[in-house]
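Student: Mind looking at a prediction? Sequence and model below.
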Amino acid sequence: MRSSGTTVTLPAASLVRRRALRVVSLLLAGGLALTSCAADVASTAGTASPSAASDSSSSTAAETGTETTSPTTTEETISSTAAAAEAFLATLSDEQRETVLYDYGDATKTTSWSNFPVTFVQRAGLNLADLSDEQETAALAVLQALLSDEAYDTVSGIMGGDEYLQQNSSSTEQSLGQYYIAFFGEPSDTGAFEVQFGGHHLGINATLDGASDAITFAPTHLGVQPAVYTDADGNEVQPFDGIYTDAFAFFDSLTGEQQAALTSGDVSMCAPGDTCDFDAGAGFTGADLTDAQKQLLLDLIANWSGMADEQTTADSRAKIEATLDDTVIAWSGETTYDMSTGDGISFSISGPNVYVAFQAQQGSAGADVDGVSTSGWGHVHTIYRDPTNDYANSVVQEAASGMGGGNGPVGGPPGDDVPGGGTPPNGGPPR
């Protein structure tokens, strides 16, 4: 993942941030080094809180007496994530361990991945709301060990957005703010296991394989609602600012002729619960880009494929770049990064080694907040998949109870994810 050009305070809701600091204190005391989870938050106007990152790092160091560093290699990430998972499992009862642990090849990992509320599609594993403070802290430590600082802050911001909606919106959906954690396979730094973590606007599937020294986040769902909110500490949080910055850096690099070709294509969606054929079709492709434009497109894709350490990000980037000429890109909606106008953007990137869909949802789905946009720019669903390596090929994708994943066609009717308590649509999105 790549930050925007300014010093950014990427999102961390105050509650999540406090839990994260407790995580570092607890686990460093036990000898497990984790990444610190603070950064600055970028607002739509480009303002920043330049001292936030250093303040948080200082407070963490002061509490623990230890400077923490982020893993830079795949091996380090697998080792630290496995250790954090084992530490979390050690806090659980036998019954809880049985609930959170699945066989590596269990098909539940495909049917429990969704962008519907958990009241419609049951997630695998344990609900963080049912855990003790110690257990919840240890669960979040698994995410910290797995994700880069930037990715962890983005995830924290997504979770904080759900908490914000729960406290401030008109939604009656009781599952807002509920997140589940599950493991498929015994966590280990020598074998393969998957960390699944998610709720309504988040669905991470990270497969870590110590034997082959590889990590994949395919498939993963990142969503945001609202796009910008103020947390309990008065900080403005914008979880997707980095993604938007990269998306428009790519779009703005194109010539007028290239932009016309890009916006003439069809934006697609291959959502959770959908067994897609990943047919990219014809259209504007990576072969139509200059070398510099290709790098900007790869920077954008890295917001999903590059959520871990530097080596894992570089490996996934090289794999995607190898077939970028055969990758089709389409865009619809606004052509400038100005969330005060229009209904947002949608785009898809579909190739042999990558699939990314980014869709503005034209409806608040009942989660309305006075003066805050919870539709269009303010409500986005994204999907990342790898046509060659979803779930590290450990299971066959299965439909999730006919739910299809919840995204309607681009420009389609609102009400896609029904946090207001409505009835979910039948069937899935167009492929």
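Tutor: Thanks, I have it.
Student: drop to CA atoms for contacts and neighbour counts, all remaining ones
Tutor: Fine.
Student: Now do the longest strand seen in the chain: which elements does it pack against?
Tutor: Ranked by residue count and defined by DSSP state E, the top strand of the chain is strand 376-385. Applying 3 or more Cα pairs under 8 Å, 6 or more residues apart in numbering; DSSP states H and E, one finds that strand 376-385 contacts strand 220-224, strand 354-361.
Student: Dump the ones you listed into CSV; add distance to A260 and mean pLDDT as well.
Tutor: Converted to CSV, the helices and strands packed on strand 376-385 look like this (distance: least, Cα to Cα, whole Å; pLDDT from 0 to 100):
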stretch, distance to A260, mean pLDDT
strand 220-224, 27, 96
strand 354-361, 19, 97
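Student: Now render those strands as CSV, adding distance to V195 and mean neighbour count.
Tutor: CSV is the format used below for the helices and strands packed on strand 376-385 (distance: least, Cα to Cα, whole Å; neighbours: other Cα atoms under 10 Å):
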stretch, distance to V195, mean neighbour count
strand 220-224, 11, 26
strand 354-361, 20, 26
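Student: So which residues lie in contact with stretch 289-309, not counting its own?
Tutor: With contact meaning Cα atoms under 8 Å, 6 or more residues apart in numbering, stretch 289-309 is reached by 1-2, 70-74, 77, 146-148, 150-151, 216-218, 220, 243, 246-247, 249-250, 253-254, 286, 312-314, 316-317, 320-321, 324, 356, 384.
Student: and if you look at stretch 202-219?
Tutor: With Cα under 8 Å, 6+ apart as the test, stretch 202-219 has contacts from 74-75, 78-79, 113-115, 155, 158-159, 188-198, 220-223, 304-305, 307, 312, 383-386, 389-392.
Student: In helices only, show me the residues you listed.
Tutor: Residues of the contacts of stretch 202-219 located in helices (DSSP state H): T74, E75, I78, S79, V155, I158, M159, W304, S305, T312.
Student: follow-up on the earlier one: check the contacts of stretch 202-219 for burial and list the buried ones.
Tutor: Among the contacts of stretch 202-219, those buried by neighbour count (16 or more other Cα atoms under 10 Å) are 74-75, 78-79, 113-115, 155, 158-159, 188-190, 192-198, 220-223, 304-305, 307, 312, 383-386, 390-392.
Student: hey, what's the closest residue to A392 other than its chain neighbours bridged with?
Tutor: Take A392 and drop its neighbours on the chain: the residue closest to it by Cα to Cα, 6 or more residues apart in numbering is T207, 6.4 Å away. Beta-bridge partners for T207, by DSSP bridges, are E194, T216.
Student: Report how many residues lie close to T207.
Tutor: 27 (other Cα atoms under 10 Å).
Student: from the chain's centre, how far out does the longest strand of the chain sit?
Tutor: Centroid separation for strand 376-385 versus its chain: 10 Å, with Cα atoms, centre = their mean, to the nearest Å.
Student: Please point out which parts of that strand sit buried.
Tutor: Neighbour count says strand 376-385 has G376, W377, G378, H379, V380, H381, T382, I383, Y384, R385 buried, by 16+ other Cα under 10 Å.
Student: wait, isn't S169 in contact with G371?
Tutor: No. Under the criterion of Cα atoms under 8 Å, S169 is not in contact with G371, lying 10.8 Å apart.
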